[in-house]
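In: need a 3D model of the sequence below.
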Amino acid sequence: MKFHSVPANRLRTFCSNFFLILVVILWTLSSAFAQTNQAKSPDCRVEAVDYKGWHAQQLSNRWIQAIIVPRNGGRLMQVTFAGHAYLFR
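Out: Numbering: from 1, shown residues only. A predicted model of the protein is given here:
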C-alpha cells in the first residue's frame, strides 16, 4: 500500500479538476465556432458526378473541389485547388 503526502494528493486533485474544466471550456467553444462556421458557408456542396465512367461524389466550395468514388473503396480520385489538379491521373 502506497502512502501519499497531503500536498501531492491536493496537487493531483487540482490538476485533474483543471484538466476537466479545460476540456469542458474547449468543447463549449468548439461547438459555438462550429455553429457560426456552418451559418457562414452555405456554398459547400455535395453533388453526384460521373468521373471517367465511375459514379462519384464531388465535394466542393469556393476554394477546393474533391472527387470521391465510393464504389472504389471511397478513393479520393482528384483534388482541384484554384483550377489546378493536384493528383496524378
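
In: so where do the helices sit in the chain?
Out: With DSSP state H as the criterion, the chain has helices at 6-40.

In: remind me which residues of it are low pLDDT?
Out: 1-6, 15, 17-20, 22-24, 29-42, 88-89 (pLDDT under 70).

In: okay, domains of it per the record?
Out: Domain ranges of the chain: 1-40, 45-85, per automatic domain parsing.

In: what's the end-to-end length of the last one?
Out: With CA to CA, to the nearest Å as the measure, the first residue of domain 45-85 is 19 Å from its last.

In: give me the neighbour count for residue 84.
Out: 7 (other CB atoms under 10 Å). In short, each C-beta sits where N, CA and C put it, glycine included.

In: who does it form a beta bridge with?
Out: Going by DSSP bridges, residue 84 is paired in beta bridges with residue 81.

In: now it: how far from residue 46?
Out: 22 Å (CB to CB, to the nearest Å).

In: kindly report the same for residue 14.
Out: Taking CB to CB, one finds residue 14 at 47 Å from residue 46.

In: before we move on, what about residue 66?
Out: Separation of residue 66 from residue 46 (CB to CB): 10 Å.
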